[in-house]
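S.K.: need a structure here:
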Amino acid sequence: MTAVRTEAETPPVVPVPLGAHVKAYWGRVRGGEMGALPAVLGIVVLVTGFAIARPVFLTPGNLANLIPQSAQYTLIAMGLVFVLLLGEIDLSAGFTSGLCAALMSSVMAGQGVPWYYALILGIATGAAIGFVLGTLVAKVGIPSFVVTLAAFLAFQGLLLLVVKEGQIISIHDPVILWINNSLLPVWLGWVLFIATTVVYLAVQLGRRANRRKRGLISDAMSLIAVRTAVIAVLGGAAVYTLNLERSRIPERVSLRGVPVVVPIVLILLVGLTFVLRRTKYGLHLYAVGGNLEAARRAGIPTDRLRISAFVICSTLAAIGGIVAASRDNSVSPTSGGSDVLLYAVGAAVIGGTSLFGGRGRVLDAVLGGAVVTIIANGMGLLGSRSWLKYVVTGSVLLAAAGVDALSRRRSAATGPR
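M.R.: Numbering: from 1, shown residues only. Presented below is the predicted three-dimensional model:
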């Protein structure tokens, strides 16, 4: 006969209390798993320091400017997270963004192609570039540093070819300009905030119910309430600030509302986070980054995963380039060059993604993008020299890489907790 487990024989699932979660988190931090803690502390320190030194930093107008300023770095960094998870690097992401934006702009300006075809062309070019780079790394076996360094030089030349050795291609299409120059209506900003908070709470409750149904340890309602409250307070404060009037002549031009680029970044953040955390593909990506040979022996298609990571990286670089072109209203020979790559890589690493592979989240790109943009914006308000801005940003990046290396050493010494 088949034994039937009665309800009395099934031990009840007791949710982990809030205090136990705090204690476990502190234990992970002491064990070397810093996560996004350094980036969050960095944001708090930087905002506090700049606000004291220059109170204008916290004005609604300046805070609103931080969002379009950081969008390009954040989007490129999101793609770099996928490559860095594998322990690889893409040095061509900056000029990939510029080249794809230039192709989109040139076919619209020179050949009258509709914006939607031009947009698809730019993004598809990014995906094709990623496929070529990933194939050279995974199939041919050329180190990613060499492949992407060569692409960095080649794409810089191709960008000059597209813009005809120095010509600036202006963008006049209202849809493309709308991406990173327009604002949501005030009411729609609040709808977005409420919907985001409700969806977050629903996901947390659904995950808790699913774990309890399967007899697994679940989060306490108090912890879910605290997480949701933090999201609600931060999100509500941001929407309220962005909905304040920022125009000096509001009777002529009103500047109120959440920038349109915010929901674009938010949708990509949620979607890519789901891919990394809730799909087999994402779990395999972490496995390959943690130990390539062990993943291969476990039957994971490592080559396809590595190629796909480069495809995602270059595709997001193309989107970042299009967002930057929208903000600048044009594409130039320097698009995607200068400090774009440095800031994008810095955003991913400062946010908490490891340079050694196997550790990172898409959220890291958002937090790191905020850090590098706050530094650039704040030091600009202080009237600092350009060289000092680069020195400070480089020092922050070095500190983040140092924290990553030390945390890995600490994790190896203490072992799993």
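S.K.: what sits against I171?
M.R.: The contact partners of I171, taken as C-beta atoms under 8 Å, 6 or more residues apart in numbering, are 105, 108-109, 177, 325-326, 329-331. All C-beta atoms are positioned from the backbone trio N, CA, C, and that covers glycine.
S.K.: Just the ones of these in strands?
M.R.: With strands taken from DSSP state E, the overlap with the contacts of I171 comprises 330-331.
S.K.: can I assume V366 is in contact with G352?
M.R.: No. Here V366 does not reach G352: they are 10.7 Å apart, not a contact under C-beta atoms under 8 Å.
S.K.: Comparing the two, which residue is more hemmed in?
M.R.: Ranked by neighbour count (other C-beta atoms under 10 Å), V366 and G352 place G352 first, with 27 against 22.
S.K.: what about the strands in the stretch 51-200 of the chain?
M.R.: Secondary structure of the stretch 51-200 of the chain (DSSP state E, counting those that start in this stretch): strands located at 169-170.
S.K.: Helices of that one, residue ranges please.
M.R.: 60-84, 93-111, 115-135, 144-162, 174-179, 186-213 (DSSP state H, counting those that start in this stretch).
S.K.: ok, and what's touching stretch 36-53?
M.R.: Stretch 36-53 is touched from outside by 29, 57-58, 350-352, 361, 363-364, 367-368, 370-371, 374-375, 377-378, 381-382, 396, 399-400, 403, with contacts defined as C-beta under 8 Å, 6+ apart.
S.K.: For A318, find the nearest of the helices of the stretch 51-200 of the chain.
M.R.: Shortest distance between A318 and those, using C-beta to C-beta, is found for helix 115-135: 2.7 Å.
S.K.: In TSV: the helices of the stretch 51-200 of the chain, plus mean pLDDT and distance to L269.
M.R.: Formatted as TSV, the helices of the stretch 51-200 of the chain follow (pLDDT from 0 to 100; distance: least, C-beta to C-beta, whole Å):
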stretch	mean pLDDT	distance to L269
helix 60-84	93	7
helix 93-111	92	18
helix 115-135	95	18
helix 144-162	93	24
helix 174-179	92	16
helix 186-213	91	11
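S.K.: how about these in CSV, adding distance to G289 and mean neighbour count?
M.R.: Shown next, in CSV, are these (distance: least, C-beta to C-beta, whole Å; neighbours: other C-beta atoms under 10 Å):
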stretch, distance to G289, mean neighbour count
helix 60-84, 8, 25
helix 93-111, 18, 26
helix 115-135, 14, 20
helix 144-162, 13, 18
helix 174-179, 32, 16
helix 186-213, 24, 14
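S.K.: hang on, the earlier thing: of the contacts of I171, closest to I120?
M.R.: M108 (11.9 Å).
S.K.: picking up where we left off before, now tabulate the helices of the stretch 51-200 of the chain in JSON lines and tack on distance to Y240.
M.R.: Converted to JSON lines, the helices of the stretch 51-200 of the chain look like this (distance: least, C-beta to C-beta, whole Å):
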{"stretch": "helix 60-84", "distance to Y240": "9"}
{"stretch": "helix 93-111", "distance to Y240": "32"}
{"stretch": "helix 115-135", "distance to Y240": "32"}
{"stretch": "helix 144-162", "distance to Y240": "41"}
{"stretch": "helix 174-179", "distance to Y240": "24"}
{"stretch": "helix 186-213", "distance to Y240": "9"}
